[in-house]
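# Here's a sequence, model it:
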Amino acid sequence: MSIEDLHLNLRNLEVEDYAKLKVLMDVVYNDIGGAWEKHTIDRLIAEFPDGQIVIEDEDRIVGVALTVLVDYETFSNPHKYDDLIGNREIILNNVQGDALYGLDVLIDPAYRGYRLGRRLYEARKDLCRSMNLRAILAGGRIPNYFEHAAELSPTQYIDQVSRKEIYDPILSFQLANDFLVKRLLKKYLPEDERSQGYATLLEWNNILYEPVARVLETRKTQVRVGAVQWQMREFASVEQVLQQVEFYVDAIADYQSDFAVFPELFNTPLMGLTDQSDQIKAIHFLAGFTERFKTEISRMAVSYNINIIAGSMMEEDSEGKLYNVSYLCHRDGNIERQAKLHITPQERRDWVVEGGDELRVFETDAGRVGILICYDVEFPELPRLLAEQEMDILFVPFWTDTKNSYLRVRHCSQARAIENECYVVACGSVGNVPSIENLDIQYAQSSVFSPSDFAFPHDAVMSETTPNTEMVMFSDLDLTRLRVVRSEGSVTNLKDRRKDLFDLRWRDWSWKSGSNPDSY
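Residues are numbered from 1 along each chain as shown. This is a model prediction of the structure:
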């Protein structure tokens, strides 16, 4: 048959199609009794019309996918084909079901080689997504097993098919369409002599499935981020800095953003209010304002109904030690902290800053987020640990002086987005303040990075600012696309890690206070 002669049409099966369907089923089911009875097909169409899909060529049905709704918990466990059948060969369709059950996919032998089966499987997946169902289940025959039954158990046969050492016309096709074998089903269809009564229980998991929930309890999947490329400037008072912060929070909230992001150590110009001759005293002086900034920025988060990544600020503990800390001010009034873990040589030398020892993902009403301050993003282990906790967005407040310093942060941020299949929002500061020690020059181009795949921009850059210019950058982030790329992307970095060869663990810091130092 010439491909120029094909005129294919995908549509739902109708009652009037039975005669043409019977021709196809008699050909394909010649070894197990031929076509189903007309009343069986009629009942399927009446109870679940969307689930019965055909491909026709002119007036000939050349492919069909027959499907019912089932209860996932029941049919994801061992069962038989007879569990789907009621009186008079009626297929049992559960209108309250939360999963599709693929009864069969049939392709006319004369039309094989045109990937029509894949077309029907994709239509089923689209139906599963559109109905917000958990999965597609199927009991799959293994019709070539009889040729190997003398030397292989069913499990060994399935394993060799999955490794492509043996070809099975049904199982090989299902595996190629992202179905996974959950278990072996015994006596599934006893009259199927070629499969010797065995079948595989296969599952395609709908990663976009959301349990039914109240609207107010549903987490957002479309998230808007506003980042402030902040200009360092001299300030005469704390009130002036907070006024500038509130101006930006107000502006970003006006655009219905879910997050406002500020750079690392954005309030450092306040060091200009004290003597610059002793940098240690000056930085401790700056830390004295942090509690007020936390309180005021948290108030803004609540008042403007927006989550705020409050850049970072110096925090002094009860022992007088300094930490570079970012605060996540939730719009419900909750405040959480993430200390910088890796301290740069300059911070250590000039300000005697300590590194934190905790890392976590924060649950927000707009996704699961992580925060790594500047230098921390240059250590790939940290974002990977966050990715293992299903982080959606990584925020990177940074402060860099020269372009090469900035490029380290940029390139590492973009790498983290690709290898961890997440969004990365890098937000920096600009401007020159010669009157303040260690604050004389700045370089930044704030950016939002994405994974590198078809669902995202071709260069994996969602948005970016003009370099060295004070401005606000907005970006809309689709969290659903992350779920898809993690499961079905061109490459799946997280899923394909060789955990049989390597692992990554967070050290248990409790050994510092006397427990076993070898504990991990």
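# Please count neighbours and contacts with C-alpha atoms only from this point.
Noted.
# Can you check the pLDDT for residue 301?
If you check residue 301, the pLDDT there is 95.
# Show the contacting residues for the closest residue in space to residue 374 that isn't next to it in sequence.
Leaving aside its sequence neighbours, residue 374 sits nearest to residue 398 (CA to CA, 6 or more residues apart in numbering; 4.3 Å). Shown in contact with residue 398 (CA atoms under 8 Å, 6 or more residues apart in numbering): 263-264, 373-375, 409, 426-429.
# Repeat that for residue 188.
79-82, 139, 197-199.
# same question, residue 294
327, 329.
# Then residue 219?
365-367.
# Low-confidence stretches in the protein?
Within the chain, the segments meeting pLDDT under 70 span 1-4, 32, 88, 213-218, 508-520.
# can you give me the helices in it?
Using DSSP state H, the helices of the chain run over residues 18-28, 38-47, 72-75, 116-130, 154-162, 171-176, 238-254, 279-287, 290-303, 345-346, 381-387, 403-420, 479-488.
# Out of those helices, which is closest to residue 191?
When the helices of the chain are compared by CA to CA, helix 18-28 sits nearest residue 191, at 15.2 Å.
# got the contact list for that closest one?
Against helix 18-28 from outside (CA under 8 Å, 6+ apart): 33-36, 38, 41, 60-63, 106-109.
# switch to 10 Å and redo it
Applying CA atoms under 10 Å, 6 or more residues apart in numbering, the external contacts of helix 18-28 come out as 13, 15, 32-39, 41-42, 54, 56, 59-64, 106-109.
# Report the inter-axis angle for it versus helix 38-47.
120 degrees (axes from the mean of the first three to the mean of the last three CA atoms, to 10 degrees).
# got the helices of the chain as TSV, with distance to residue 356 columns?
Shown next, in TSV, are those (distance: least, CA to CA, whole Å):
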stretch	distance to residue 356
helix 18-28	66
helix 38-47	60
helix 72-75	45
helix 116-130	43
helix 154-162	47
helix 171-176	46
helix 238-254	26
helix 279-287	16
helix 290-303	17
helix 345-346	15
helix 381-387	13
helix 403-420	20
helix 479-488	29
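# Residue 437 is nearest to which of the ones you listed?
helix 279-287 (7.7 Å).
# Run through the residues that contact residue 255.
224-226, 474.
# Rebuild those as CSV, extending it with neighbour count and distance to residue 145.
Formatted as CSV, the contacts of residue 255 follow (neighbours: other CA atoms under 10 Å; distance: CA to CA, whole Å):
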residue, neighbour count, distance to residue 145
224, 19, 53
225, 23, 55
226, 26, 58
474, 21, 57
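# these two touch, right, residue 443 and residue 410?
No - with contacts counted by CA atoms under 10 Å, residue 443 stays clear of residue 410, the gap being 11.7 Å.
# Now do the strands in the stretch 201-350 of the chain.
222-231, 259-261, 307-309, 313-316, 322-329, 335-339 (DSSP state E, counting those that start in this stretch).
# cool, and the stretch 401-520 of the chain?
423-427, 429-430, 447-449, 461-464, 471-478.
# thinking again about what came up before, list buried residues within the contacts of helix 18-28.
The neighbour count (16 or more other CA atoms under 10 Å) marks 13, 15, 35-36, 41-42, 54, 56, 61-64, 106-108 as buried among those.
# So which of those residues belong to strands?
54, 56, 61-64, 106-107 (DSSP state E).
# Dump those residues to TSV, plus distance to residue 488.
TSV is the format used below for these (distance: CA to CA, whole Å):
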residue	distance to residue 488
54	25
56	29
61	31
62	28
63	25
64	25
106	25
107	25
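# Could you pull up the contacting residues of residue 144?
Residue 144 neighbours (CA under 10 Å, 6+ apart): 157, 166-171, 194-196.
# OK, contacts around residue 439?
232-233, 268-269, 271, 399, 401, 431-433.
# rerun at 6 Å
Counting by CA atoms under 6 Å, 6 or more residues apart in numbering, residue 439 touches residue 433.
# How much space separates it from residue 78?
67 Å (CA to CA, to the nearest Å).
# Same question for residue 283.
On the measure of CA to CA, residue 283 and residue 78 end up 66 Å apart.
# what does residue 168 give?
22 Å.
# For those two, work out which one has more neighbours and name it.
residue 168 (20 against 15; other CA atoms under 10 Å).
# Now the more buried one. Nearest residue, chain neighbours left out?
residue 144 is the one closest to residue 168 (CA to CA, 6+ apart), at 5.7 Å.
# What of residue 432?
Leaving aside its sequence neighbours, residue 432 sits nearest to residue 441 (CA to CA, 6+ apart; 4.6 Å).
# May I see the buried residues of stretch 491-499?
Buried, per 16+ other CA under 10 Å, within stretch 491-499: 492, 494.
# next one: stretch 360-370
Buried-residue list, stretch 360-370, by 16+ other CA under 10 Å: 361-362, 364-370.
# Quick one: end-to-end distance for that stretch.
Termini of stretch 360-370 sit 7 Å apart (CA to CA).
# Can you list the neighbours in contact with that stretch?
By CA under 6 Å, 6+ apart, the surrounding residues in contact with stretch 360-370 are 219-220, 391-394.
# Which two of the contacts of residue 398 have the greatest separation?
Between any two of those (CA to CA), the greatest distance is 14.7 Å, for 375 and 429.
# The two - which one has more neighbours?
Neighbours of residue 375 and residue 429, each counted by other CA under 10 Å, are more numerous for residue 429; the result is 31 against 21.
# which of the contacts of residue 144 lies closest to residue 276?
residue 171 (73.6 Å).
# burial of that closest one, as a residue count?
Quick note: residue 171 (other CA under 10 Å) scores 24 neighbours.
# go on, residue 420?
26.
# So for it, what's the nearest residue that isn't a sequence neighbour?
Nearest non-adjacent residue to residue 420, counting by CA to CA, 6+ apart: residue 387, 5.9 Å away.
# Look up how far residue 208 lies from the one you found.
From residue 387 to residue 208 the distance is 18 Å (CA to CA).
# same thing with residue 139?
From residue 139 to residue 208 the distance is 23 Å (CA to CA).
# Between these two, tell me which one has more neighbours.
Higher neighbour count among residue 139 and residue 208: residue 139, with 27 against 17, using other CA under 10 Å.
# doesn't residue 203 make contact with the more buried one?
No - using CA atoms under 6 Å, residue 139 makes no contact with residue 203, being 9.1 Å away.
# Tell me how many other residues crowd residue 209.
That count, for residue 209 with other CA under 10 Å as the rule, works out to 16.
# Contact partners for it?
132-134.
# Tabulate the residues you listed (TSV), appending distance to residue 356 and neighbour count.
Listed next are those as TSV, based on distance: CA to CA, whole Å; neighbours: other CA atoms under 10 Å:
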residue	distance to residue 356	neighbour count
132	42	18
133	43	23
134	41	22
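# could you dump these to CSV with distance to residue 254?
CSV is the format used below for these (distance: CA to CA, whole Å):
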residue, distance to residue 254
132, 33
133, 36
134, 37
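# now the closest residue to residue 141 other than its chain neighbours: how far from residue 170?
In space, and not counting its chain neighbours, residue 141 is closest to residue 199: 4.7 Å by CA to CA, 6+ apart. According to CA to CA, residue 199 stands 10 Å off from residue 170.
# For those two, indicate the residue with more neighbours.
Comparing residue 199 with residue 170 by neighbour count (other CA under 10 Å), the higher total belongs to residue 199, at 28 against 14.
# For the more buried one, name its beta-bridge partners.
With DSSP bridges as the criterion, residue 199 is bridged to residue 141, residue 185.
# how much space is there between it and residue 168?
Distance, residue 199 to residue 168, by CA to CA: 12 Å.
# Check residue 449 too.
43 Å.
# Residue 333 too?
In terms of CA to CA, residue 333 sits 59 Å off from residue 168.
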